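Novice: Structure of the sequence below:
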Amino acid sequence: MKSLLMFLIFTNSLLSFEYTLKPVKISAKTHCFFGLPEVMDEHNNGNMVNSCFVNMGTSYLVIDSGPTYLYAKQTYAKMKEINNLPISYVVNTHNHDDHWLGNSYYNSIGVKIIGSSAFKYKSKVEMTRMQERVSPDAFTKTTQVFPTIFVEEKKVLNINGKKVNLISVNKKAHTDSDLLIYIPSQKIVFVGDLVFNDRIPSIRDGKLKGWIEVLDEVRLMDVDFIVGGHGELVNRSSIDMTYNYIKTLRQRVATFLEDGEEIGDVVNMVKMEKFKDINFYDSMHRQNVEIAYRMLEWENE
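Specialist: Model (predicted):
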């Protein structure tokens, strides 16, 4: 019997992926787990996204649950090492699966999950993008669990006497489901993938005009911290790379489109050398130019 027990323990250890997560304190009450500036694969198993937690006094508020059940379970274990608090809510900043598949763990322990009203219309898929790319052991117990509390325009949470403003962007920006999580008392706003600062942003599900407009609004907010979905920079300058990239991309592509240039030529001409040393430039920039051309072409019709 003892041999069987040892075998089961050993086997379970082989099947359990360890993310080796380290919470980083970014303000008096807030920590983040910062993802790697990499594509998701079987080596990082989705650990390429930011997930943050805020000590609200008697509970934690979690922003983005991460890529898998196992990731979320391990992040909560790390949170409890700092303060052994329950979780009041998990908020999903948008509907890309690297940010919400960890919902399955939080749902299993009874935590309420909040997201944009766009989640109401989201359907489960046979296999998520994450599931296709990470190892089976890391994806164990992960299921598609969507928010059950929705933000139509704005919702105010009162957690231990502190207000948390949840603001739906209500226009296509990075996606059609972007939320801002603004905590006035801590002068911090979480913006999800509206802000990247360690890699070129992906624009595949967005709209450049709406994205620029919402970043203009974020720049006017009375905050000291702007926390994006990718990248370790969290002060007010964290927004700059994404803002400048998106705005420059739109301006350059629009100019060539107005001049009647064909899409293949524009992809070759819009180099944006200022950004060439940023992660994913080589693999993503040309794709972004092509997507931007088609977006703007559609806008002009």
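
Novice: Tell me where the model's unsure across the chain.
Specialist: Applying pLDDT under 70 to the chain flags residues 1-15, 300-301.

Novice: Please enumerate the helices of it.
Specialist: Under the criterion DSSP state H, the chain carries helices at the ranges 2-15, 69-82, 103-108, 129-133, 136-139, 208-219, 240-258, 263-269, 281-299.

Novice: Residues in contact with the shortest one: which ones?
Specialist: Defining contact as Cβ atoms under 8 Å, 6 or more residues apart in numbering, one finds that helix 136-139 is touched by 14-17, 42, 45-46, 68-71, 130-131. Where you see a C-beta, it was placed from the backbone N, CA and C, and this is true even at glycine.

Novice: List the buried residues of that helix.
Specialist: Using 16 or more other Cβ atoms under 10 Å as the test for burial, helix 136-139 gives Ala138, Phe139.

Novice: One more: the third one?
Specialist: Using 16+ other Cβ under 10 Å as the burial criterion, the residues of helix 103-108 that qualify are Asn103, Ser104, Tyr105, Tyr106, Asn107.

Novice: List the beta-bridge partners for the closest residue to the fourth one other than its chain neighbours.
Specialist: Taking Cβ to Cβ, 6 or more residues apart in numbering, and ignoring the residues beside it in sequence, Tyr106 has Val90 as its nearest neighbour in space, at 4.9 Å. Here Val90 sits in beta bridges with Val62, Ile113, as judged by DSSP bridges.

Novice: Settle this for me: Val90 is touching Gly66, isn't it.
Specialist: No. If you go by Cβ atoms under 8 Å, Val90 and Gly66 don't touch, sitting 10.0 Å apart.

Novice: quick one: stretch 59-78 to chain centroid distance?
Specialist: The gap between where stretch 59-78 is centred and where its chain is centred comes out at 13 Å by Cα atoms, centre = their mean, to the nearest Å.

Novice: Over to stretch 261-275?
Specialist: On the basis of Cα atoms, centre = their mean, stretch 261-275 is displaced by 28 Å from the centre of the chain it belongs to.

Novice: and if you look at stretch 162-179?
Specialist: With Cα atoms, centre = their mean as the basis, stretch 162-179 stands 12 Å off its chain's centre.
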